[in-house]
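Visitor: Everything below, folded, please.
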Amino acid sequence: MKTKEYICVLCPNSCTVTVVFGNEGIEEISGHGCERGREWAEDEVVRPRRYFVGSVTVRNGDFETVSVKTSDFIPLEKAKSIGLHTHTLCVEAPVRMYQVIERDILGLKGVDLIATREVHRKNGA
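Guide: The predicted structure follows:
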């Protein structure tokens, strides 16, 4: 048997969840403070997902970049592709907080890339 510990990221409690693996897969999950934590740990083993956080270039803004994140979890294996893709994007200022920069990023239905701050238009631009 193999044991692995995970830190649950669903809430501020950050429970240490222990997953015990056997020949048939997951045998036991313990340490979770709620049912959502147990489900999160199971998903983390089977199909790990994360929010993507990065930045996009802004043209004529008072900042050269705007911070962005995905509106939902993405499959972990897509994170690098999305990071490379965001380096090719450029938006025109002004940018509003929560503005959708790209819908269904890289074909992920319902997962948008959104701005997490405002960037004002540069004076004189």
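Visitor: alpha carbons only for contacts and neighbour counts from here, please
Guide: Fine.
Visitor: The spatially most central residue of the chain - nearest residue in space that isn't next to it in sequence?
Guide: Residue closest to the average C-alpha location in the chain (C-alpha atoms, centre = their mean): residue 51, at 0.7 Å. Nearest non-adjacent residue to residue 51, counting by C-alpha to C-alpha, 6 or more residues apart in numbering: residue 73, 4.6 Å away.
Visitor: number of nearby residues for the one you found?
Guide: As a burial measure, residue 73 scores 13 neighbours (other C-alpha atoms under 10 Å).
Visitor: who's in contact with it?
Guide: Residues near residue 73 by C-alpha atoms under 8 Å, 6 or more residues apart in numbering: 49-52, 111.
Visitor: Residue 30: which of those residues is nearest?
Guide: residue 49 (20.3 Å; C-alpha to C-alpha).
Visitor: Could you measure from the closest one over to residue 27?
Guide: Using C-alpha to C-alpha, to the nearest Å, one obtains 21 Å as the distance from residue 49 to residue 27.
Visitor: higher neighbour count, those two?
Guide: In this view residue 49 and residue 27 are compared by other C-alpha under 10 Å, and residue 49 has more residues nearby, 18 against 13.
Visitor: Backbone dihedrals for that one, please?
Guide: Note on residue 49: backbone dihedrals following degrees, to the nearest 10 are phi -130, psi 150.
Visitor: How about it: which residues does it bridge to?
Guide: residue 75 (DSSP bridges).
Visitor: list the contacts for it?
Guide: Residue 49 neighbours (C-alpha under 8 Å, 6+ apart): 73-76.
Visitor: As TSV, the residues you listed with pLDDT and distance to residue 45 would be great.
Guide: As requested, these are exported to TSV (pLDDT from 0 to 100; distance: C-alpha to C-alpha, whole Å):
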residue	pLDDT	distance to residue 45
73	93	15
74	97	15
75	96	12
76	95	12
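Visitor: Would you confirm that residue 63 contacts residue 119?
Guide: Yes: judged on C-alpha atoms under 8 Å, residue 63 makes contact with residue 119 at a distance of 6.3 Å.
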